[in-house]
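Peer 1: Kindly return the folded structure for what I paste below:
(chains A and B)
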Protein chains: 2
Amino acid sequence: MRNIVATLLIAFLATKAFAQKQTPPAPAQVAQEIREYRMDNEERIMRELSEFLAIPNIASDTSNIQKNAAHLVEMLEARGVEAHLLPITGRGPVVYGKLISPEAKRTVIFYAHYDGQPVDPTAWTDGKPFEPVLRDAAIEAGGKRIPFPPNSAQRRAVYNDNWRIYARSSSDDKSPIVALLAAIDALRTKKIPLAVNLKVIFEGEEEAGSSNLQRTLELHKNLLGADLLITADGPVHQSGRPLVFFGNRGDIGIGITVFGPVRALHSGHYGNWAPNPAMELSRLLASMKDADGRVLIDGYYDDVTPLGDAEKKALAELPINDADLERELGIAKPEGGGKKLVELIMQPSLNIRGLRSAYVGEQAQNIVPDRAEASLDARLVRGEDPQQKFDQIALFIRKQGFYVIDREPTMEERRTYPRIAKVINEGGYRASRTPMDLPVSKKVVEVVEGAAGPAVKMPTLGGTAPMYIFEELGLPVIGVPIVNADNHQHSSDENLQLGHFWRGMEIYGAILADLNW
Amino acid sequence: MRNIVATLLIAFLATKAFAQKQTPPAPAQVAQEIREYRMDNEERIMRELSEFLAIPNIASDTSNIQKNAAHLVEMLEARGVEAHLLPITGRGPVVYGKLISPEAKRTVIFYAHYDGQPVDPTAWTDGKPFEPVLRDAAIEAGGKRIPFPPNSAQRRAVYNDNWRIYARSSSDDKSPIVALLAAIDALRTKKIPLAVNLKVIFEGEEEAGSSNLQRTLELHKNLLGADLLITADGPVHQSGRPLVFFGNRGDIGIGITVFGPVRALHSGHYGNWAPNPAMELSRLLASMKDADGRVLIDGYYDDVTPLGDAEKKALAELPINDADLERELGIAKPEGGGKKLVELIMQPSLNIRGLRSAYVGEQAQNIVPDRAEASLDARLVRGEDPQQKFDQIALFIRKQGFYVIDREPTMEERRTYPRIAKVINEGGYRASRTPMDLPVSKKVVEVVEGAAGPAVKMPTLGGTAPMYIFEELGLPVIGVPIVNADNHQHSSDENLQLGHFWRGMEIYGAILADLNW
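Peer 2: Next up, the predicted model:
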């Protein structure tokens, strides 16, 4: 089968010479024209997305992550976007692109990432996270596998809005890239000019902590002249309404290993004499939060910068759908002592993201394990420093009676300290927040709402993206995500609901055609 | 290469016709003669052991476990032991054998098991638990892989006492079987008659809970007429001295799963709102024991039958090597509030044998997990009923605020109960104990000590074996283990130190030649 990118390039060359209209229609009109284009081209757009998803994209898989980058360059160049790779040794490069519009006075950088979270294929229903599967509904709703419908001579393929594509990064974060590029195709076909110059930054190690992004962008600062950064990362509001957000929480990862005897011991001969590291780890974790989920670590909430008036007002206006979420997720009583989800994500969090010690279930062995591990993540809000947060946590562990080190203990240390914890700072970065009352902030909201109806406006998203880097470059940073909230982001069976994807094309098209402030 | 069992059979047929001496020498003399035989035949004995270890022996691996049984029948018949398989549907059969001695008035059943604990090959240094590896010392002591030395025309192979064979069941529990059969060969070669009729029962699902042993033995009760059962399961004392023990703890396995949201959720968007099952499991486990390791579950120690005078005396005489163990195992402070290991194993235990929730380390995902699992085992002492023990634990979990079920929760249950735990009774059985002041008890000690020097005598071993079944058949049950205490039993890198194995041959030979009471 012919590669879809080559097909797109031919289409681009054929339309390039056409003159463009000089005054853009209003966002609602742009959305309408993009919809018409899309309905004529669903098979082609889906094919481009599927081909992109089929390239494995774990940041540490150097060979494949670079294949993704090369493929992105082809995708950009097929639209006449000037593309460059900003290399990072041993990692996927930053993919940079530029599309100048003669009519534009403003420049917008569009940020997304093309790497995905690590996968455990055995936990995926279809077992192959990099072989995109189409289903006629969500798996939880009994969705069945269906073939990707092809175009035929008689009839265009039609994709139902409720269908979902299952694959790693189908939502986080490859589909926004494809939606943006398809929106460019649509505007060009419909002869609607771009109101802004567009630059793109597609990162290849966001899910691995973006450790090289800042340095790489510093090196190529000359490419980054702009007036606004739009990030595509994250899902829309759980209500299904479009979302515009003005901040991200920061995040640090913490690995904790508690040590028992030097080797796993027979639980009959040594149990209840040899200290059990799984029990000690349980005690340590249990001591970190109270029954309502409030973190008991000294000073954990002290550095939080209070919200401004515009942010407080936005919070008060947010739709509250906690009850719906509780119903959907099977939750009888959330943490937080009665606080709403939107209030809780304005605070720092502490979350156990995994536990491991020896074996459970059928694989269980009658042993006292030699170690027990926990992986934690702490989300940070504006005002909090990642290193200080880690130090607070490490100090707390020390106060619980642990000897804290950052490596395996020596035999002498094992013999000296009854409780030993290896505590690893797995890195992370701080939060970011753009004021909601800037002219550009108001204008982005206006265009999104013009294209797609009333949006939810959030001062800060609960999730994390390295937006502080762009903040430090002096750019306002505004998030315009497009994917469904129930997308299983970061977990197995990640998916994209097509209706959201189509609407995302319309939103991005309207921004390109109408953003002016 | 010719199968070693076939070679043995030919050797047996050649020696069968020889008349046997009429009066057995004393245990020390028997041990000496067996040693001479062994030094002439080390290569052959090692080969029989290695071939046996090379047959994978997880109880649930039906095809392989039956291969083990068929191989055992060949091994028995090669010695002229009449052998039968007592079948168990879908499992390895009980291998039964009988060797009648014209001089004998007593009959001894020798029990061992030929299945092994589940394996995780990635956790083994050599990666292949069923390809026996010889090392010149323990891995912890820097032991290097060495080839199995062959016999040559010029020189017999010599195996050093400090060498170790690494393989699943190299200690637990295949090597005692090979030691017993090699002892029979030695006695026959040295023309020493058996003082007892020997029966053997080799079980194929001990590590899977012996769920069919009792029923199978009931069905074949007519085969089991005897005066004593000797079990070979377990290691010698940690001091390296021979061990004779008169009881086993019982054991039950308990699986606990705590539930969070119906699916794993993004920890940024939902963390500290969605209840975290890993945190709830940690709290539950931490509530089960105090800082000294004492179990806080109501009535946990109430049913324990106190020790008798002979047992108390034996306990007082036991060598205390806790300090050595602490040094070897890298323990600064054991659990138990100052009690000695030998005292603690006279009590019921509660041990976390494994934990699992989502992922840790490099595989960690930024999620709130949908579930967290723990696997526990509780060792029981005389007087305790397995079902009652499970009920105590389940009741405690209920009192901690959990809705306790034995299956996945329904959506309605998830919406109704803030805390839900699936608690599975994985089965198990009660403890057993034979009085230490019976004539047969004293005689076994005398023969073992005559052959191998001062033994450690323990009222109860910490480990578990289904000896209650034989107790219920009216037999005294005495344990005479032979393998090294640091054998990594039940864990990865299980191994057998050859010096212990050779001494075990001598002990078993002396019992066969001299046990009379």
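Peer 1: So which bits of stretch A:435-446 are buried?
Peer 2: A:Met436, A:Leu438, A:Val440, A:Ser441, A:Lys443, A:Val444, A:Val445, A:Glu446 (16 or more other C-beta atoms under 10 Å in any protein chain shown). For every residue, glycine as well, the C-beta is placed using N, CA and C.
Peer 1: thought the second one was touching A:Pro476?
Peer 2: Yes: applying C-beta atoms under 8 Å, one finds A:Leu438 in contact with A:Pro476, separated by 5.8 Å.
Peer 1: OK, contacts around the residue lying closest to A:Glu131 once chain neighbours are set aside?
Peer 2: Using C-beta to C-beta, 6 or more residues apart in numbering or on different chains and skipping the chain neighbours, the partner closest in space to A:Glu131 is A:Ala54 (6.6 Å). If a contact means C-beta atoms under 8 Å, 6 or more residues apart in numbering or on different chains, then A:Ala54 has A:Phe130, A:Glu131, A:Pro132, A:Ala167 as its contacts.
Peer 1: Could you do A:Asp233 as well?
Peer 2: A:Asp233 neighbours (C-beta under 8 Å, 6+ apart): A:Tyr111, A:Ala112, A:His113, A:Asp172, A:Asp173, A:Pro176, A:Glu206, A:Gly463, A:Ala465, A:Gly479, A:Pro481.
Peer 1: Also A:Ile184?
Peer 2: A:Arg79, A:Val81, A:Leu99, A:Leu194, A:Leu198, A:Leu512.
Peer 1: If we use 7 Å, what do you get?
Peer 2: A:Arg79, A:Leu512 (C-beta atoms under 7 Å, 6 or more residues apart in numbering or on different chains).
Peer 1: Which element, helix or strand, includes it?
Peer 2: Using DSSP states H and E, A:Ile184 falls within helix A:174-189.
Peer 1: I'd like the average pLDDT over that helix.
Peer 2: Computed over helix A:174-189, the mean pLDDT rounds to 98.
Peer 1: swap in stretch A:494-514?
Peer 2: 98.
Peer 1: Just the CA atoms of it, as CSV, please.
Peer 2: Coordinates of each C-alpha in stretch A:494-514 appear next as CSV, following Å, rounded to 0.1, in the frame of the first residue of the first chain:
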residue,chain,number,x,y,z
GLU,A,494,-5.3,3.9,25.6
ASN,A,495,-7.8,5.1,23.0
LEU,A,496,-9.2,8.0,21.0
GLN,A,497,-12.9,8.6,20.4
LEU,A,498,-13.2,9.8,16.8
GLY,A,499,-15.8,12.5,17.5
HIS,A,500,-13.4,14.3,19.7
PHE,A,501,-10.7,14.0,17.1
TRP,A,502,-12.9,15.5,14.4
ARG,A,503,-13.9,18.4,16.7
GLY,A,504,-10.2,18.9,17.5
MET,A,505,-9.5,19.5,13.8
GLU,A,506,-12.1,22.2,13.7
ILE,A,507,-10.8,23.9,16.9
TYR,A,508,-7.2,23.9,15.6
GLY,A,509,-8.3,25.1,12.2
ALA,A,510,-10.3,28.0,13.7
ILE,A,511,-7.2,29.0,15.8
LEU,A,512,-5.0,29.0,12.7
ALA,A,513,-7.6,31.0,10.7
ASP,A,514,-8.9,33.4,13.3
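Peer 1: thinking in terms of the whole chain, how far from its middle is it?
Peer 2: 16 Å (C-alpha atoms, centre = their mean, to the nearest Å).
Peer 1: check whether it contacts chain B.
Peer 2: No: judged by C-beta under 7 Å from any C-beta of the partner chain, stretch A:494-514 stays clear of chain B, getting no closer than 10.6 Å.
Peer 1: Please identify the buried residues of that stretch?
Peer 2: A:494-514.
Peer 1: Can you list which of those residues are found in helices?
Peer 2: Counting by DSSP state H, these place A:498-514 in helices.
Peer 1: in chain A, what spans have low per-residue confidence?
Peer 2: Applying pLDDT under 70 to chain A flags the ranges A:1-22.
Peer 1: Domain-wise, how is it divided?
Peer 2: A:4-241+A:441-460+A:467-514, A:251-304+A:347-429 (automatic domain parsing).
Peer 1: where exactly do the helices run in the stretch 101-250 of chain A?
Peer 2: A:174-189, A:213-219 (DSSP state H, counting those that start in this stretch).
Peer 1: got the CA coordinates for the last one in PDB?
Peer 2: When you say that, I think you mean helix A:213-219. Extracted in PDB, the C-alpha atoms of helix A:213-219 (Å, rounded to 0.1, in the frame of the first residue of the first chain):
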ATOM      1  CA  LEU A 213      14.000  19.800  26.200                       C
ATOM      2  CA  GLN A 214      15.100  23.000  28.000                       C
ATOM      3  CA  ARG A 215      18.800  22.600  27.000                       C
ATOM      4  CA  THR A 216      17.800  21.800  23.400                       C
ATOM      5  CA  LEU A 217      15.500  24.800  23.100                       C
ATOM      6  CA  GLU A 218      18.200  27.100  24.600                       C
ATOM      7  CA  LEU A 219      20.600  26.000  21.900                       C
END
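Peer 1: ok, which stretches of the stretch 251-400 of chain A are helices?
Peer 2: A:267-270, A:277-286, A:309-317, A:322-329, A:341-344, A:386-399.
Peer 1: hey, what's A:Gly247 bridged with?
Peer 2: Following DSSP bridges, A:Gly247 is listed with bridge partners A:Arg433.
Peer 1: from memory A:Thr62 sits against A:Ile88, does it?
Peer 2: No: between A:Thr62 and A:Ile88 there is no contact under C-beta atoms under 7 Å: 10.1 Å.
Peer 1: what sits against the closest residue in space to A:Ser170 that isn't next to it in sequence?
Peer 2: Once flanking residues are discounted, A:Ser170 sits nearest to A:Leu496: 4.1 Å by C-beta to C-beta, 6+ apart. By C-beta under 7 Å, 6+ apart, the contact set of A:Leu496 is A:Arg164, A:Ile165, A:Ser170, A:Ser171, A:Ser175, A:Val483, A:Asn484, A:Asn487.
Peer 1: Neighbours of A:Glu362, how many?
Peer 2: 11 (other C-beta atoms under 10 Å in any protein chain shown).
Peer 1: which non-adjacent residue is nearest it?
Peer 2: A:Glu362 sits nearest to B:Pro118 (C-beta to C-beta, 6+ apart), 7.3 Å away.
Peer 1: ditto for A:Ser210
Peer 2: A:Ser210 sits nearest to A:Pro466 (C-beta to C-beta, 6+ apart), 4.0 Å away.
Peer 1: can you tell me which residues contact that neighbour?
Peer 2: Here A:Pro466 is in contact with A:Glu206, A:Ser210, A:Leu213, A:Tyr429 (C-beta under 7 Å, 6+ apart).
Peer 1: Now the two most distant members of those residues.
Peer 2: Spatially, the most separated pair among the contacts of A:Pro466 is A:Glu206 and A:Tyr429, at 10.8 Å (C-beta to C-beta).
Peer 1: Start from the N-terminal end of the stretch 101-250 of chain A and give the strands.
Peer 2: A:106-113, A:133-135, A:145-146, A:164-166, A:196-203, A:228-231, A:243-245, A:247-259 (DSSP state E, counting those that start in this stretch).
Peer 1: Including distance to B:Pro319 and mean neighbour count, could those go into a markdown table?
Peer 2: What follows is the strands of the stretch 101-250 of chain A, written out as a markdown table (distance: least, C-beta to C-beta, whole Å; neighbours: other C-beta atoms under 10 Å in any protein chain shown):
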| stretch | distance to B:Pro319 | mean neighbour count |
| --- | --- | --- |
| strand A:106-113 | 63 | 24 |
| strand A:133-135 | 64 | 23 |
| strand A:145-146 | 66 | 12 |
| strand A:164-166 | 62 | 26 |
| strand A:196-203 | 64 | 25 |
| strand A:228-231 | 68 | 24 |
| strand A:243-245 | 69 | 25 |
| strand A:247-259 | 28 | 25 |
